[in-house]
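K.L.:
Got a predicted structure here, sequence first:
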Amino acid sequence: MNEKEDTNPYEPPKSQVDIGASSTVAPYFFTTSALKLTLMSICTFGLYELYWFYKNWVLIKVRTGTKIMPFWRAFFAPLWAYSCFRHIKNSAGENNIPESLSIGLLAIVYFIAQALWRLPDPFWLISLFSFALIIPANNVALKINNQLITDFQNNDQFSGWNWAAIVLGGLLFLLGIIGTFLPEVPNA
């Protein structure tokens, strides 16, 4: 009997999936250090948050076998944050990892924080700090990865692209802050 006949086509994918020719195993969740999440979120004006959600939805899709669209779940992250946080909390519970993640509150406040970008100057800046609401979920996901994967390596190193985003985005961020607080010059 060949291997194809031995597999059950209705069986969901394994929780750890081979991700290519290397012997590396995909993490249970996409995690990063709080420092990297903070810097990248601020310097990319929140795009890194979407990346964080996208990577997690891809891993959730592979692990659960559900027919979801990770790109759109990340694109509409304020609407899908609760579901992502619930996956993380449920996985922690299934693996006997103690956590106190209040996913309902985190998701509601994340949704509100994302909507605050429409506020007038300088109050729109509050929305840039919505990444802080992802950090507790990221920390629980990190505990899960550390417990389930023996040689897990967290995504806490800064790549060249990360540094480029930090430098360019940081400069734009500083210019935006300066422009927000400069007094307006009346038209002559």
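P.N.:
Yep, that arrived.

K.L.:
Near the residue nearest to F158 when sequence neighbours are not counted, how many residues? Count them for me, please.
P.N.:
Closest residue in space to F158, ignoring its immediate chain neighbours: K36 at 6.6 Å, by CB to CB, 6 or more residues apart in numbering. C-beta here means a position set from N, CA and C on the backbone, and glycine is covered the same way. By the criterion of other CB atoms under 10 Å, K36 has 19 neighbours.

K.L.:
how about K36, secondary structure?
P.N.:
Under DSSP: H, G, I helix; E, B strand; the rest coil, the three-state class of K36 is helix.

K.L.:
hang on, isn't it packed against D156?
P.N.:
Yes - between K36 and D156 there is a contact under CB atoms under 8 Å: 5.7 Å.

K.L.:
Show me where this structure has its helices.
P.N.:
Remark: helices assigned in the chain by DSSP state H are 3-6, 34-43, 47-64, 70-75, 77-94, 103-115, 135-148, 160-181.

K.L.:
Turn those helices into TSV, columns for distance to W124 and mean pLDDT.
P.N.:
Below are these laid out as TSV (distance: least, CB to CB, whole Å; pLDDT from 0 to 100):
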stretch	distance to W124	mean pLDDT
helix 3-6	55	48
helix 34-43	14	94
helix 47-64	16	95
helix 70-75	20	96
helix 77-94	15	94
helix 103-115	11	93
helix 135-148	21	93
helix 160-181	8	90
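
K.L.:
So for S127, which of the ones you listed sits nearest?
P.N.:
With CB to CB as the measure, helix 103-115 is the member of these nearest S127 (5.7 Å).

K.L.:
and the closest one with helix 47-64, angle?
P.N.:
Interaxial angle, helix 103-115 versus helix 47-64 (axes from the mean of the first three to the mean of the last three CA atoms, to 10 degrees): 140 degrees.
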